[in-house]
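J.: I would like the atomic coordinates for the input below:
(one chain, ligands or ions: 3)
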Amino acid sequence: MNNNPIGVLLVNLGTPASPTVKDIRRYLKAFLSDPRVVELPKWLWQGVLHTIVLPFRAPKLVEKYEVIWLKEGSPLLVYTQAQSQALAQQLASDHVIVDFAMRYGEPDLAKAIQGLQQKGCERILIVPMYPQYAASTTATLFDRVAEISKTMRNQPDYRFIKRYAEHPAYIQSLHHKVAHFWQENGRPDQLLLSFHGLPQRSVDLGDPYYDDCQKTAEALRVSLQAEGVPIAVSFQSQFGKAKWIGPATQATLESYPAKGIKRVDVMCPGFAADCLETLEEIQLGCAEAFKQKGGEQFRYIPCLNDDPVWIDALATIVKERLGSWT
Ligand SMILES: C=CC1=C(C)c2cc3[nH]c(cc4nc(cc5[nH]c(cc1n2)c(C)c5CCC(=O)O)C(CCC(=O)O)=C4C)c(C)c3C=C
Ligand SMILES: [Fe+2]
Ligand SMILES: [Fe+2]
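T.: Ligands and ions are numbered 1, 2, ... in the order given. Predicted coordinates for the structure are as follows:
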């Protein structure tokens, strides 16, 4: 019987350390240099990245990050930390140490793994904060854990959670968030579930992400059936000129008023924590685009963040995967 504590590491994408050109540039460089994220030949992409993307995109993002920045820091970081603390409380009696890290930037993933080892964890569960599996998010995290472990003489015993797109506890958390919001504020004409997009090519080559998003949506449709609100799916945050999976969130919203859909609620179930892509792109940008086309009411339903129902669900998902370890 191994009496050492078990490490549970929540990992999200990463975010700039501050809303400045220097830190945004550093973040974009780390993220967009990952061949799992931009699948172009290195010789071709590195030139474009350094001469076009970083010099032009980083300054444009400063104002966007400034608008969403919280007193405590970037929303993605603040909410991930809150999730980690709440989960730690929830699992306190299970001989588990919970921590969090980012795939790119700070808190550094390698340091977090070393920190858990120093606290005596010989077993570590890696929990991606992405319910839907994508090679550009989930697989690159698992690759990085393997890379970090390459130079270790005494490696931890790892477990990974690949996906929880249809896990009943996750769906129940989304259900609760939406149903609760409608109880307090009334129902809309339409609920739109907006997921982060992906290049079409990734899906054609076998990435299950698109199917995972549809499975989440279908499970939530079944769960919310009694509410009588139609639920649609769209994809946001297209990057670059290649074809991405669709329909695109903004175009979908802009098409609604002409079809008589004037009151819409938007939720982003693929993001466990609110971030630039939800707070700026959706809550601000898409709301304005919808209203310009004649939309009357746009409401953004926040991500699960550290909602107690979600932390309970996360504890369930984690405990299931810890299985024989506890
Ligand atoms: C080829 C480019 C990109 C792919 C593929 C991609 C997939 C992907 N991303 C997330 C989650 C997040 N992305 C975020 C920001 C962001 N994403 C890209 C590009 C790709 N993402 C860029 C260039 C940026 C930076 C902002 C911008 O320029 O628009 C974030 C938010 C970070 C924050 O600081 O708040 C998240 C979260 C998923 C889930 C995903 C694939 C499924
Ligand atoms: Fe509630
Ligand atoms: Fe992204």
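J.: tell me which parts of this structure are close to ligand 1?
T.: Contact residues of the chain with respect to ligand 1, defined by CB under 6 Å from any ligand atom, are listed as 13, 15, 37-38, 57, 61, 74, 76, 130, 134, 136-137, 196, 198, 209, 237, 239, 270-271, 275-277. Quick note: C-beta positions are derived from backbone N, CA and C, even for glycine.
J.: what residues are up against the residue of the stretch 201-326 of the chain found nearest ligand 1?
T.: In the stretch 201-326 of the chain, the residue found nearest to ligand 1 is residue 275; the distance is 3.0 Å by CB to the nearest ligand atom. By CB atoms under 8 Å, 6 or more residues apart in numbering, the contact set of residue 275 is 13, 15, 68, 74, 75, 76, 79.
J.: residues near residue 52, how many?
T.: Residues contacting residue 52 under the criterion other CB atoms under 10 Å number 10.
J.: again, but for residue 311
T.: Summarising burial for residue 311: neighbours were counted as other CB under 10 Å, giving 23.
J.: Could you do residue 160 as well?
T.: 14.
J.: Residue 86 too?
T.: Counted with other CB under 10 Å, residues neighbouring residue 86 total 20.
J.: Do you know the pLDDT at it?
T.: On pLDDT, residue 86 comes in at 98.
J.: Next: residue 30.
T.: According to the per-residue confidence, residue 30 scores 97 in pLDDT.
J.: where's it, which helix or strand?
T.: Residue 30 is part of helix 21-32 when elements are defined by DSSP states H and E.
J.: Quick check: beta-bridge partners of residue 11?
T.: Counting by DSSP bridges, residue 11 is bridged to residue 101, residue 128.
J.: That one reaches residue 100, doesn't it?
T.: Yes - here residue 11 lies in contact with residue 100, judged by CB atoms under 8 Å, at a distance of 7.0 Å.
J.: and stretch 285-300, which residues are buried?
T.: Buried residues in stretch 285-300, counting neighbours by 16 or more other CB atoms under 10 Å, are found at 285, 286, 287, 289, 290, 295, 298, 299, 300.
J.: now it, how far from the centre of its chain.
T.: For stretch 285-300, the distance between its averaged C-alpha position and the chain's averaged C-alpha position is 23 Å (CA atoms, centre = their mean, to the nearest Å).
J.: what's the answer for stretch 214-231, then?
T.: Stretch 214-231 has its average C-alpha position 20 Å from the chain's average C-alpha position, going by CA atoms, centre = their mean.
J.: Test for you: state the pLDDT assigned to the residue nearest to residue 58 when sequence neighbours are not counted.
T.: Nearest-residue entry for residue 58: residue 25, 4.1 Å, with adjacent residues in sequence omitted and distances by CB to CB, 6 or more residues apart in numbering. What the model reports as pLDDT for residue 25 is 98.
J.: sorry, back to before: ok, and for the helix or strand just after the helix holding residue 30, which residues are buried?
T.: Tracing the chain past helix 21-32, the next element assigned as helix or strand by DSSP H and E is helix 42-48. Within helix 42-48, the residues that qualify as buried by neighbour count (16+ other CB under 10 Å) are residue 45.
J.: What's the first helix or strand after helix 42-48?
T.: Helices and strands here follow DSSP H and E; after helix 42-48, the next one along the chain is helix 54-68.
J.: Packing partners of that next one?
T.: The elements that helix 54-68 packs onto, with contact taken as 3 or more CB pairs under 8 Å, 6 or more residues apart in numbering; DSSP states H and E, are helix 21-32, helix 276-279.
J.: How about residues contacting the last one?
T.: Which is helix 276-279. Taking CB under 8 Å, 6+ apart as the criterion, the residues outside helix 276-279 that touch it are 15, 61, 64-65, 67-68, 75-76, 196, 236-237, 268, 271, 300, 302-303.
J.: Can I have the buried ones of those residues as a ChimeraX selection?
T.: To isolate in ChimeraX the members of the contacts of helix 276-279 that are buried, counting by 16+ other CB under 10 Å, one can use:
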select :15,61,64,65,68,75,76,196,236,237,268,271,300,302,303
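J.: farthest-separated two in the contacts of helix 276-279?
T.: In these, two members sit farther apart than any others by CB to CB. They are 61 and 302, at 21.5 Å.
J.: ok, residue 209 - contacts?
T.: Residue 209 makes contact with 132, 133, 134, 135, 198, 202, 203 under the criterion CB under 8 Å, 6+ apart.
J.: and the closest residue to it other than its chain neighbours, how many residues sit next to it?
T.: Spatial nearest neighbour of residue 209, excluding adjacent residues (CB to CB, 6+ apart): residue 134 at 3.9 Å. Residue 134: 25 surrounding residues under other CB under 10 Å.
J.: And for residue 321?
T.: Neighbours of residue 321 under the rule other CB under 10 Å: 17.
J.: for the chain, what spans make up the strands?
T.: Secondary structure of the chain, counting by DSSP state E: strands at 6-12, 96-102, 123-128, 157-160, 190-196, 231-236, 263-267, 297-301.
J.: now those strands in JSON lines, with distance to residue 170?
T.: What follows is the strands of the chain, written out as JSON lines (distance: least, CB to CB, whole Å):
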{"stretch": "strand 6-12", "distance to residue 170": "14"}
{"stretch": "strand 96-102", "distance to residue 170": "18"}
{"stretch": "strand 123-128", "distance to residue 170": "12"}
{"stretch": "strand 157-160", "distance to residue 170": "17"}
{"stretch": "strand 190-196", "distance to residue 170": "13"}
{"stretch": "strand 231-236", "distance to residue 170": "16"}
{"stretch": "strand 263-267", "distance to residue 170": "13"}
{"stretch": "strand 297-301", "distance to residue 170": "15"}
